[in-house]
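Enquirer: Predicted coordinates and the sequence they were generated for:
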Amino acid sequence: MILANAFCIVLFVDEILRSLAGPPSPPGQDPHGWRVPVDCVRANELCAAEPSCSSRYRTLRQCLAGRDRNTMLANKECQVALEVLQESPLYDCRCKRGMKKELQCLQIYWSIHLGLTEGEEFYEASPYEPVTSRLTDIFRLASIFSGMDPATTSKSNHCLDAAKACNLNDNCKRLRSGYISTCSREISATEHCSRRKCHKALRQFFDRVPSEYTYRLLFCSCKDQACAERRRQTIVPSCSYEDKEKPNCLDLRNVCRTDHLCRSRLADFHANCQTSFQSPTSCPGGNYQACLGSYAGLIGFDMTPNYIDASPTSITISPWCSCKGSGNMEEECEKFLRDFTENPCLRNAIQAFGNGTDVNLSPKNPSSPITLPPKTEKSPALPDDINDSNTMYDTSVITTCTSIQEHGPKLNKSKEQSLCYSETQLTTDIMPDQKTFVDQKAGGNRHQAGQILPLVLVLLLLGS
């Protein structure tokens, strides 16, 4: 009899717990009722299935055709369409670099967000999903994929190690050989290469090859000038980067922003590499990986960046442009250029990757995160008989992160550090991440109801 009563009381308390927990959230929403972001291709499909959203979206696209924002908002119908769409999944949608329909996704994103900005903004919000992976993920996979132990690889020629690792992977070797061949092919006596085809081949390489290989080529650490020149030559800069004259940086930015892909990659670079004085790493959220991935994402576009020289002791990055002829826009131009040439987040990220170190996510003393500098040792001359698919451009291949076991997850506070991005996020098709939110109020109710059960059981036993 006592057991039967106890069983009934347990069922009763379980019902109380369920009622206090509240009803389950509807699909596509978190417990607070906020929309879970979806990719813009999917958001467009959801909008098309809803007559009100579909008609407003068509209206907005017509409003944006050939009009600036002020002209568009002067039209009452356009303004209403924009307000309605701000409540639709299209407003919160994002894209993922390397997804199957990336260009279509970005076109949908900008069709909404170009109408929300006040003219030309210096920094634009990134249309891409935020990066959550860390450099430590790249270090771990790099040693697995390459078949090399970071502790046993050459400490004098990391860029050569990176080339060897790439050659051990069929996809990396094929696409690397492909862009080197394309970027080195002479078209005519006056045109030594096709920059358009070169850029396309570079984009394919960096979008389709895992970052465990591409980062090692781009961000290898160097201790001599020959190694640094090998790193600088990685993207075959004579075709992909340099030109007869340097355009104005603001003009180059304007050209980039006419292309949805280039505009998106530039916005993503600014979002992930913009100097943050609140972070000890100088990077937003202390995430080197996000900055490095955004940097790699710019290669193969008009805004392609590269090392400006072969110095092994300092890291200076810049697009091929200057601020000459900026007129009264010179201050803005210099600010834009400094985001590349004097960017502590970018330098720190590159240095950290080269050293095989990452940010300590939970330091005991965040105010003084200091690590030992990398050991300096004399590096022997590069061998002449290197078995590599790119002997011509071997001097351009980049270093590996080989000293992770030596340094551990410490923060390098020197002027040059590191930058990062996960290729597993770059090459897969986008799927909306289901974020988990905890309703603190509901949690408190469950805790309170959970205390009822033992009290009731005690009373029951005493009464028996």
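Expert: Alright, I've got the coordinates.
Enquirer: What residues does residue 57 make contact with?
Expert: Residues near residue 57 by CB atoms under 8 Å, 6 or more residues apart in numbering: 44, 47-48, 81, 85, 88, 90. The way it works is simple: take the backbone N, C-alpha and C, and place the C-beta from them, glycine included.
Enquirer: Among the residues you listed, the buried ones, what's the PyMOL command?
Expert: To isolate the buried ones among these in PyMOL, judged by 16 or more other CB atoms under 10 Å, type:
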select buried, resi 44+47+81+85+88+90
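Enquirer: Strands along this structure, start to end?
Expert: 305-307, 317-319, 417-418 (DSSP state E).
Enquirer: Can you name every helix or strand that the first one contacts?
Expert: In terms of contact count using 3 or more CB pairs under 8 Å, 6 or more residues apart in numbering; DSSP states H and E, strand 305-307 is assigned the packing partners helix 225-232, strand 317-319.
Enquirer: Identify the residues contacting it?
Expert: Residues outside strand 305-307 that contact it (CB under 8 Å, 6+ apart): 228, 231-232, 235, 237, 241, 295, 298-299, 315-320, 340.
Enquirer: Let me know how buried residue 201 is, in neighbour terms.
Expert: Neighbour count for residue 201, taken as other CB atoms under 10 Å: 22.
Enquirer: With residue 303 instead?
Expert: Counted with other CB under 10 Å, residue 303 comes out at 23.
Enquirer: Next, give phi and psi for it.
Expert: Residue 303 has phi and psi values of phi -90, psi 20 when expressed as degrees, to the nearest 10.
Enquirer: ok, now which ones touch it?
Expert: Residue 303 neighbours (CB under 8 Å, 6+ apart): 252-253, 256, 262, 265-266, 319.
Enquirer: By neighbour count, which of those wins?
Expert: Compared across those, residue 265 has the highest neighbour count, 28 neighbours, by other CB under 10 Å.
Enquirer: sorry, back to before: just send the helices and strands packed on strand 305-307 back as a markdown table, with mean pLDDT too.
Expert: Listed next are the helices and strands packed on strand 305-307 as a markdown table, based on pLDDT from 0 to 100:
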| stretch | mean pLDDT |
| --- | --- |
| helix 225-232 | 93 |
| strand 317-319 | 97 |
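Enquirer: Of all the ones you listed, which one is nearest residue 213?
Expert: Checking these against residue 213 by CB to CB gives helix 225-232 as the closest, at 14.6 Å.
Enquirer: Let me have the contacts of residue 303 in TSV, extended by distance to residue 57.
Expert: Compiled in TSV, the contacts of residue 303 are given as follows (distance: CB to CB, whole Å):
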residue	distance to residue 57
252	32
253	29
256	26
262	24
265	25
266	26
319	35
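Enquirer: Out of these, which sit inside helices?
Expert: Counted as lying in helices by DSSP state H, out of the contacts of residue 303, are 252-253, 256, 262, 265-266.
Enquirer: Pick out the most distant pair among the residues you listed.
Expert: Across these, no pair lies farther apart than 252 and 265, at 13.4 Å, counting by CB to CB.
Enquirer: how about low-confidence regions in the stretch 251-400 of the chain?
Expert: Judged against pLDDT under 70, the low-scoring parts of the stretch 251-400 of the chain cover residues 357-400.
Enquirer: change it to 50
Expert: Where the stretch 251-400 of the chain drops to pLDDT under 50, the residues are 360-400.
Enquirer: for residue 318, which residues make a bridge with it?
Expert: residue 306 (DSSP bridges).
Enquirer: Next up, the contacts around it.
Expert: 305-306, 308, 337, 340-341.
Enquirer: Then residue 324?
Expert: Here residue 324 is in contact with 246, 248 (criterion: CB under 8 Å, 6+ apart).
Enquirer: Pull the number of nearby residues for residue 91.
Expert: Residue 91 has 17 neighbouring residues, counting by other CB under 10 Å.
Enquirer: Tell me which of the strands of the chain sits most buried.
Expert: strand 417-418 (a mean of 30; mean count of other CB atoms under 10 Å).
Enquirer: okay, now the closest residue to residue 197 other than its chain neighbours: neighbour count?
Expert: If the residues on either side of it in the chain are set aside, residue 197 comes closest to residue 182, at 5.3 Å by CB to CB, 6 or more residues apart in numbering. For residue 182, the neighbour count with other CB under 10 Å is 20.
Enquirer: before we move on, back to that, of the strands of the chain, which is nearest residue 352?
Expert: strand 417-418 (2.8 Å).
Enquirer: returning to that earlier point: can you add distance to residue 166 and give the strands of the chain back as CSV?
Expert: Formatted as CSV, these follow (distance: least, CB to CB, whole Å):
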stretch, distance to residue 166
strand 305-307, 19
strand 317-319, 22
strand 417-418, 19
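Enquirer: still on that earlier bit, let me have the contacts of residue 57 in JSON lines, extended by distance to residue 289 and pLDDT.
Expert: Formatted as JSON lines, the contacts of residue 57 follow (distance: CB to CB, whole Å; pLDDT from 0 to 100):
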{"residue": "44", "distance to residue 289": "29", "pLDDT": "93"}
{"residue": "47", "distance to residue 289": "33", "pLDDT": "91"}
{"residue": "48", "distance to residue 289": "35", "pLDDT": "92"}
{"residue": "81", "distance to residue 289": "38", "pLDDT": "84"}
{"residue": "85", "distance to residue 289": "33", "pLDDT": "84"}
{"residue": "88", "distance to residue 289": "32", "pLDDT": "86"}
{"residue": "90", "distance to residue 289": "28", "pLDDT": "88"}
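Enquirer: Now, the contacts of residue 57 that are in helices?
Expert: Reading helices off the contacts of residue 57 with DSSP H, I get 44, 47-48, 81, 85, 90.
Enquirer: Could you dump these into JSON lines with distance to residue 288 added?
Expert: Below are these laid out as JSON lines (distance: CB to CB, whole Å):
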{"residue": "44", "distance to residue 288": "33"}
{"residue": "47", "distance to residue 288": "36"}
{"residue": "48", "distance to residue 288": "39"}
{"residue": "81", "distance to residue 288": "41"}
{"residue": "85", "distance to residue 288": "36"}
{"residue": "90", "distance to residue 288": "32"}
